[in-house]
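**Student:** got a predicted structure here, sequence first:
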Amino acid sequence: MMGGLDGTAIEFSPLLPWVVLIPLFVLAAAAVLVALIRRASGTAWRMLGLAALAVALLNPSLVQEDRQPIKDVAVLVVDESPSQNIGERRARTERALGDVQERLARFPDLEVRVVRTSGAEGGVGGAIEETKLFEVLDRALSDLPRRRMAGAVFITDGQVHDVPGEGKGLGDLGPIHTLLTGEHDEADRRLAVVKAPSFGLVGKPVTVTVRVEDMPGNQSPDAVVNIRQDGGAPRPFRVPVGRDMPLEFTLDHGGQNVFEMEVAAAPQELTLANNKAAVVISGVRDRLRVLLVSGEPHAGERTWRNLLKADPGVDLVHFTILRPPEKQDGTPIRELSLIAFPIRELFEIKLDEFDLIIFDRYRRRGVLPQLYLSNIANYVENGGALLEAGGASFSNSMSLYRTPLGAVLPGEPTGEVIEQPFKPMVTELGRRHPVTSGLPGDVQPGAPAGTEPGWGRWFRQLDVTPLQGSVVMEGVAGRPLMILNRVGEGRVAQIASDQLWLWSRGYEGGGPQAELLRRLAHWLMKEPELEENDLRAKVEGNRITIERRSLEPDPRAVELTSPSNDVRGVDLTEDGNGLATASLLATEPGIYRISDGERTALAVVGAVNPPELADVRTTGDRMELAAAVSGGGIHWLADGDIDIRRTRPDRDQTGRNWIGLRSNGDYVVTGVSEASLLPAGLVVLLVVGALLAAWRREGR
């Protein structure tokens with residue numbers, strides 16, 4: 001135990017205020033000065049008397065304090081961030097910690113606090129994305145006055161990302177020493193994304209700039225970077241080392257486009273964790289180009305046009321036939337505005353520029369040659385989108401089905417046109433399909449049998465035989481009303497009625513026409529959120545939500561592969577609408593891969609290449625400011641053992657192979673005793689004696 005200390009001091013408690021004492025002292029000094037100038041006898045005795053009186057007025061006392069010394073505090077900050085797992089750093093850290101604690105145990109006047117950075121201060125799943133040692137140090141010292149700080153010792157690889165700017169406040173903490181756990185001249189390679197857009201246009205190129213950096217020791221002129229787009233096959237790119245390299249990609253679809261990047265390992269590597277990077281780019285469509293081909297004029301034609309024109313993101317080209325070729329018009333030629341419609345340009349030259357083609361009540365009338373209709377069939381097979389809404393003419397010999405388009409249409413007309421009121425119904429398959437699942441006004445799951453949807457009726461349906469595709473809506477007596485099908489690389493939707501417009505007019509309460517057509521258009525254009533058989537993952541913070549949509553009621557477990565290649569199964573829960581989901585917390589940042597055996601989804605959680613792993617070489621550069629401001633030192637554990645000394649605050653705190661912790665000598669006062677130095681009797685005796693001596697001197 002540390003013994004007590006005594007402190008003795010003289011204190012003054014003036015009997016009069018200073019505003020009174022100071023003028024009195026000045027007058028007394030002036031009187032003495034005059035006496036000295038005149039060489040008056042007895043001046044020395046008068047000076048003695050005045051001095052005794054002045055001291056008495058100051059009332060001096062001897063104060064003695066009983067002091068209890070307080071231990072100084074030294075903090076050991078142990079870095080346990082991911083970069084500390086490289087090589088021998090972890091083992092060297094533990095050995096250094098034990099050695100430092102053993103040396104500090106020799107000092108009875110020192111309290112030692114050990115703080116380990118477990119990673120709970122970091123990002124996803126408690127994983128550190130930046131090493132914040134000074135944040136941990138501040139919390140460890142929150143209950144301590146700075147006068148008790150002996151100093152701090154950081155056992156780290158030097159990758160510290162929160163050193164206070166300009167060393168603010170570090171001078172009050174005592175010397176801050178850094179013991180580096182790595183090796184001199186470490187070499188590593190890393191891949192960095194220098195620049196990447198957050199959004200891009202679907203079908204248009206986007207540029208991602210990457211950089212491969214070889215730390216000292218790796219001197220390759222270039223490196224191979226393999227890039228996967230949405231989990232596809234890797235594409236190799238040769239990238240020069242040490243220079244920014246722009247790479248160009250095309251976004252295939254709307255929504256998230258995930259690009260995984262990995263650079264080949266260098267001859268010398270500390271870790272492969274920073275050889276990877278990921279970029280997530282959201283694909284958006286610039287403008288949707290739609291070609292609407294109308295046949296016989298009818299009430300629903302304007303509904304189609306109004307719906308498409310109301311969307312500012314749609315460029316609509318409306319090809320309509322107001323008068324068939326066989327009908328003659330007696331208007332004189334000179335009174336006609338003869339502007340040729342660019343039929344060849346639309347249906348041959350620029351056909352592939354359209355995102356969606358709609359046929360509304362169109363029948364063969366000799367306006368569009370068979371060649372153009374064949375072009376549309378090829379357009380669909382090569383990835384285009386076609387929506388056909390037929391009228392009564394679809395069931396006769398002039399039907400589009402009797403043209404080359406019949407090869408891509410999923411329903412064959414029987415020739416029967418049914419004209420009676422009916423409510424469109426979503427089929428069991430349709431309840432699982434994203435186009436028709438959960439439509440506003442539809443029958444809710446669990447409703448009593450026979451419950452009808454809340455939307456209005458239609459009054460005409462064409463009888464078709466579904467040859468292929470999925471029947472998602474039905475009409476009279478369960479006959480197919482809407483069929484969806486994939487043809488080659490493209491997609492086709494067929495509506496066996498021309499009465500969809502009744503919903504937009506609000507007849508009998510209307511119906512979800514706009515929502516249905518929006519979903520239908522997005523499914524036709526292959527938007528990921530409308531895929532009927534799909535596996536996807538959403539990320540919010542560190543939570544991953546897995547969604548698997550299927551037309552078959554067979555929820556299954558999926559396989560989840562973590563960034564560190566740990567594999568585990570995840571069971572999905574069916575919600576009754578074709579969607580099975582699961583939610584889980586990510587345990588580490590990076591790219592998670594989810595697979596159901598047929599499809600693969602990617603989830604990017606946190607920073608794939610965080611600052612903690614961007615440069616994993618051991619360095620003292622980041623701690624130089626803290627050492628300079630506080631008087632501490634930076635030492636490599638690989639160079640040998642470090643001695644520890646207690647030092648005075650005004651002396652050097654570090655040397656070649658030693659570090660110092662300052663001795664502050666702080667204490668608390670446990671008791672105080674006070675004794676007057678001039679008792680009243682002594683003061684009277686001195687003053688009276690001095691005056692008598694002065695009087696006697698003058699009497700001679």
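**Tutor:** Great, that's in hand. Residues are numbered from 1 along each chain as shown.

**Student:** not counting its neighbours along the chain, what's nearest residue 466?
**Tutor:** residue 480 (5.0 Å; Cβ to Cβ, 6 or more residues apart in numbering). Just so you know, the C-beta spots here come from the backbone N, C-alpha and C atoms, and that holds for glycine as well.

**Student:** so who does that neighbour touch?
**Tutor:** 411, 464-466, 471, 473-474, 496 (Cβ atoms under 8 Å, 6 or more residues apart in numbering).

**Student:** again, only using 10 Å
**Tutor:** Under the criterion of Cβ atoms under 10 Å, 6 or more residues apart in numbering, the neighbours of residue 480 are 410-411, 427, 461-466, 469-474, 494-496.

**Student:** do the same with residue 14
**Tutor:** 20-21, 57-60.

**Student:** how much space between the residue nearest to residue 466 and residue 297?
**Tutor:** Distance, residue 480 to residue 297, using Cβ to Cβ, to the nearest Å: 26 Å.

**Student:** helix, strand, or coil at residue 551?
**Tutor:** coil (DSSP: H, G, I helix; E, B strand; the rest coil).

**Student:** tell me where the chain has helices.
**Tutor:** Remark: helices assigned in the chain by DSSP state H are 18-38, 43-58, 89-104, 133-140, 299-309, 343-344, 370-381, 501-504, 513-524, 611-614, 624-630, 680-699.

**Student:** what's the most buried one of the ones you listed?
**Tutor:** Stretch with highest mean neighbour count among these: helix 501-504 (a mean of 22; mean count of other Cβ atoms under 10 Å).

**Student:** without its sequence neighbours, what residue ends up closest to the residue nearest the centre of the chain?
**Tutor:** Central residue of the chain (Cα atoms, centre = their mean): residue 606, 5.5 Å from the mean position. Of all residues not flanking residue 606 in the chain, residue 589 sits nearest, at 3.1 Å (Cβ to Cβ, 6+ apart).

**Student:** give me every residue that touches the residue lying closest to residue 77 once chain neighbours are set aside.
**Tutor:** Excluding the flanking residues, the one nearest residue 77 by Cβ to Cβ, 6+ apart is residue 154, at 4.8 Å. Each residue near residue 154 by Cβ under 10 Å, 6+ apart is listed here: 75-79, 115, 133-134, 136-137, 160, 176-180, 623, 626-627, 632, 634.

**Student:** show the contacting residues for residue 104.
**Tutor:** Here residue 104 is in contact with 74, 76, 110-112, 150, 153, 644, 646, 661 (Cβ under 10 Å, 6+ apart).

**Student:** can you put those in TSV and add pLDDT?
**Tutor:** Putting the contacts of residue 104 into TSV (pLDDT from 0 to 100) gives the following:
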residue	pLDDT
74	92
76	94
110	90
111	90
112	92
150	89
153	94
644	93
646	92
661	92
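
**Student:** next step: these restricted to strands.
**Tutor:** 74, 76, 110-112, 150, 153, 644, 646, 661 (DSSP state E).

**Student:** now for the residues you listed: which two are most distant?
**Tutor:** Greatest spacing in those, by Cβ to Cβ: 76 and 646 (15.7 Å).

**Student:** who has more neighbours out of these two?
**Tutor:** Set residue 76 next to residue 646 and count neighbours by other Cβ atoms under 10 Å: residue 76 wins out with 21 against 16.

**Student:** my read: that one touches residue 103, true?
**Tutor:** No: Residue 76 is beyond contact range of residue 103, at 11.1 Å (criterion: Cβ atoms under 10 Å).

**Student:** how close does residue 361 sit to residue 395?
**Tutor:** 12 Å.

**Student:** related to what we said a few turns ago, nearest to residue 452, out of the helices of the chain?
**Tutor:** Once these are compared by Cβ to Cβ, helix 501-504 is nearest, at 14.9 Å.

**Student:** what about the closest one, distance to the chain center?
**Tutor:** Put simply, helix 501-504 sits 44 Å off its chain's centre (Cα atoms, centre = their mean, to the nearest Å).
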